[in-house]
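Undergrad: Okay, here's the prediction I keep looking at, along with the sequence it came from:
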Amino acid sequence: VAALTAFHRPRAGILAEAGPDLLALETVPDVDEAVAMLAAIDGLGIPAWLSYTIDGERTRAGQPLEEAFAVAAGQEQVIAVGVNCCDPTHVPRALEVAREVSGKPVIAYPNSGERWDPVRGAWTGPSRFRPESLCGADFAGGCCRVRPADIAALAAACRDRSLPAVLVRR
């Protein structure tokens, strides 16, 4: 954690000097890295969201989501927690855990759910991005291979449910 904090602190300082409204601590694969990133932004006076990349009910490093989201509980600078760049079918359960464990608003911006085939050098399978599965989030959007039409459908689905959403596109 100390080495990761030392890695992230100078970058966080440079970002803070630019005067952002918010820092996105995103695509975090591991609880230790989340702890380090939170330490790196401590004292900067800039709010942040913390977003993990996950596989099922675990971080990419294999830790349970309960453990992952617990690091944000009680952290004043963290305004939301959630998931990004993950299979969209894993989002609903992750959001439940995130909200319950952290007590914070939740954010989700999954990828399309397609798989990369390194042998063929191509994306395979259909998109599994379903806007309605994200409407449980306080903030929702899309990541890799989520298309403008998907974001438009997400905006419509959330509007139909009178839910607020910040739509992010990476």
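TA: Nice, I can see it.
Undergrad: For the rest of this, base every contact and every neighbour count on C-alpha atoms.
TA: Fine.
Undergrad: Quick check: nearest residue in space to P126, chain neighbours excluded?
TA: Nearest residue to P126 in three dimensions, chain neighbours excluded: E114, at 5.9 Å (C-alpha to C-alpha, 6 or more residues apart in numbering).
Undergrad: just the helices in the protein please.
TA: With DSSP state H, the ranges of helices along the chain come out as 2-17, 31-41, 65-70, 91-102, 148-160.
Undergrad: Need those helices in JSON lines (columns: distance to E132, mean neighbour count and mean pLDDT).
TA: Conversion of those to JSON lines gives the following (distance: least, C-alpha to C-alpha, whole Å; neighbours: other C-alpha atoms under 10 Å; pLDDT from 0 to 100):
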{"stretch": "helix 2-17", "distance to E132": "34", "mean neighbour count": "14", "mean pLDDT": "94"}
{"stretch": "helix 31-41", "distance to E132": "28", "mean neighbour count": "21", "mean pLDDT": "97"}
{"stretch": "helix 65-70", "distance to E132": "22", "mean neighbour count": "21", "mean pLDDT": "98"}
{"stretch": "helix 91-102", "distance to E132": "10", "mean neighbour count": "20", "mean pLDDT": "96"}
{"stretch": "helix 148-160", "distance to E132": "6", "mean neighbour count": "16", "mean pLDDT": "87"}
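Undergrad: if we can go back for a sec, residues in contact with the residue nearest to P126?
TA: With contacts defined as C-alpha atoms under 8 Å, 6 or more residues apart in numbering, E114 is in contact with D87, W123, T124, G125, P126, S127, R128, R145.
Undergrad: Just the pLDDT for it.
TA: Predicted confidence (pLDDT) for E114: 93.
Undergrad: Kindly provide the distance from D30 to F7.
TA: When distances are taken as C-alpha to C-alpha, to the nearest Å, D30 and F7 turn out to be 15 Å apart.
Undergrad: Then P148?
TA: Applying C-alpha to C-alpha, one obtains 34 Å for the distance of P148 from F7.
Undergrad: still on that earlier bit, with distance to V83 as extra columns, can I get the helices of the chain in JSON lines?
TA: Conversion of the helices of the chain to JSON lines gives the following (distance: least, C-alpha to C-alpha, whole Å):
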{"stretch": "helix 2-17", "distance to V83": "20"}
{"stretch": "helix 31-41", "distance to V83": "13"}
{"stretch": "helix 65-70", "distance to V83": "10"}
{"stretch": "helix 91-102", "distance to V83": "7"}
{"stretch": "helix 148-160", "distance to V83": "16"}
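Undergrad: Of all these, which one comes closest to V78?
TA: Closest approach to V78 among the helices of the chain (C-alpha to C-alpha): helix 31-41, 8.4 Å.
Undergrad: Perfect, that will be all.
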